[in-house]
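J.: Need the 3D shape of this:
(chains A and B)
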Amino acid sequence: DQQVKQNSPSLSVQEGRISILNCDYTNSMFDYFLWYKKYPAEGPTFLISISSIKDKNEDGRFTVFLNKSAKHLSLHIVPSQPGDSAVYFCAASVGFEEYGNKLVFGAGTILRVKS
Amino acid sequence: DTEVTQTPKHLVMGMTNKKSLKCEQHMGHRAMYWYKQKAKKPPELMFVYSYEKLSINESVPSRFSPECPNSSLLNLHLHALQPEDSALYLCASSQDAQGGNTIYFGEGSWLTVV
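T.: Residues are numbered from 1 along each chain as shown, chains lettered A, B, ... in the order given. Okay, the predicted model is just below:
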């Protein structure tokens, strides 16, 4: 039972254009969402997060949008750069989880930015 | 640069060996985690330590034994592993173990069991 889904295994974008990565979730208890970027042979690097009390969070070229009614979030990267080529994981957690902070990850989307 | 440091970066071990993976963080975080990641899959939670006490064990086989000597250190002791245990093992930490805290990952230890 996949609680966090990234339905696009890969995305290819031209340098300078916008990259939009999508994520859907099924568990309505999730209230904190994160995006991680991962290069091969490295650990995931935290990019940006959003709490369920917000619908948008921005950090430089990265913006995350949350649509709670649709249980959908997206990561926008503008402008895309070749160094952004990596696997992007969406993750979610439940606040005040009694026994610990359990992140549930999506399957990941491979982003390729062409120069 | 990640502030969660893992050693060794690569480890090859036989099925009868005993080895350990080590992790250190100096961010003052009170929660530490072990995740396992297989190729082309997302990370999967193995253990959560909160204030140096084991709070979550995701039904991990006993051949994996975690240890948290203090709030900055986390070890994963390995014994009698199987080839299917070959994977990237990720250590992570967060401010505390409450949901809603950002989890920061180390670069991982690549384990190959032969």
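J.: show me what contacts the residue nearest the centre of chain B?
T.: Chain B has B:Trp34 as the residue nearest its centroid, 2.9 Å off, counting by Cα atoms, centre = their mean. Taking Cβ atoms under 8 Å, 6 or more residues apart in numbering or on different chains as the criterion, B:Trp34 is in contact with B:Cys23, B:Leu45, B:Met46, B:Phe47, B:Phe64, B:Pro66, B:Leu74, B:Leu76, B:Tyr89, B:Leu90, B:Cys91, B:Ala92. For glycine as for every other residue, the C-beta is placed from the backbone atoms N, C-alpha and C.
J.: and with 7 Å instead?
T.: B:Trp34 is in contact with B:Met46, B:Phe47, B:Pro66, B:Leu76, B:Tyr89, B:Cys91, counting by Cβ atoms under 7 Å, 6 or more residues apart in numbering or on different chains.
J.: Up against chain B, what does chain A have?
T.: Chain A comes close to chain B at residues A:31-32, A:34, A:42-44, A:46, A:49, A:51, A:89, A:93-97, A:99-103, A:105-108, as judged by Cβ under 7 Å from any Cβ of the partner chain.
J.: and those residues, which of them are in strands?
T.: In strands, defined here by DSSP state E, the members of the residues of chain A next to chain B are A:Tyr32, A:Leu34, A:Phe46, A:Ser49, A:Ser51, A:Phe89, A:Ser93, A:Phe105.
J.: Flag the shaky bits of chain A, pLDDT-wise.
T.: A:1, A:96-99 (pLDDT under 70).
J.: Can you tell me which residue of it sits closest to chain B?
T.: Residue of chain A nearest chain B, by Cβ to the nearest Cβ: A:Phe105 (3.5 Å).
J.: which non-adjacent residue is nearest that residue?
T.: Residue nearest to A:Phe105 in three dimensions, not counting chain neighbours: B:Pro42, with 3.5 Å by Cβ to Cβ, 6 or more residues apart in numbering or on different chains.
J.: Helices of chain B, start to end?
T.: Ranges of helices within chain B: none, based on DSSP state H.
J.: Helix or strand with the lowest mean pLDDT in it?
T.: Scoring the helices and strands of chain B by mean pLDDT, DSSP states H and E places strand B:53-57 at the bottom, with a mean of 92.
J.: Return the list of strands paired to that one, each annotated with direction.
T.: In the sheet, strand B:53-57 lines up against strand B:44-50 (antiparallel) (DSSP bridges).
J.: which parts of the partner strand are buried?
T.: Within strand B:44-50, the residues scored as buried using 16 or more other Cβ atoms under 10 Å in any protein chain shown are B:Glu44, B:Leu45, B:Met46, B:Phe47, B:Val48, B:Tyr49, B:Ser50.
J.: and it, C-alpha only, in PDB?
T.: In PDB, the C-alpha atoms belonging to strand B:44-50 read as follows (Å, rounded to 0.1, in the frame of the first residue of the first chain):
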ATOM      1  CA  GLU B  44      13.200   2.300   4.100                       C
ATOM      2  CA  LEU B  45      13.200   3.000   7.900                       C
ATOM      3  CA  MET B  46      15.000   0.400  10.100                       C
ATOM      4  CA  PHE B  47      15.400   1.900  13.500                       C
ATOM      5  CA  VAL B  48      14.700   5.200  15.400                       C
ATOM      6  CA  TYR B  49      16.500   6.300  18.500                       C
ATOM      7  CA  SER B  50      15.000   9.100  20.600                       C
END
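J.: chain center to it, what's the gap?
T.: Centroid displacement of strand B:44-50 relative to its chain, using Cα atoms, centre = their mean, to the nearest Å, is 8 Å.
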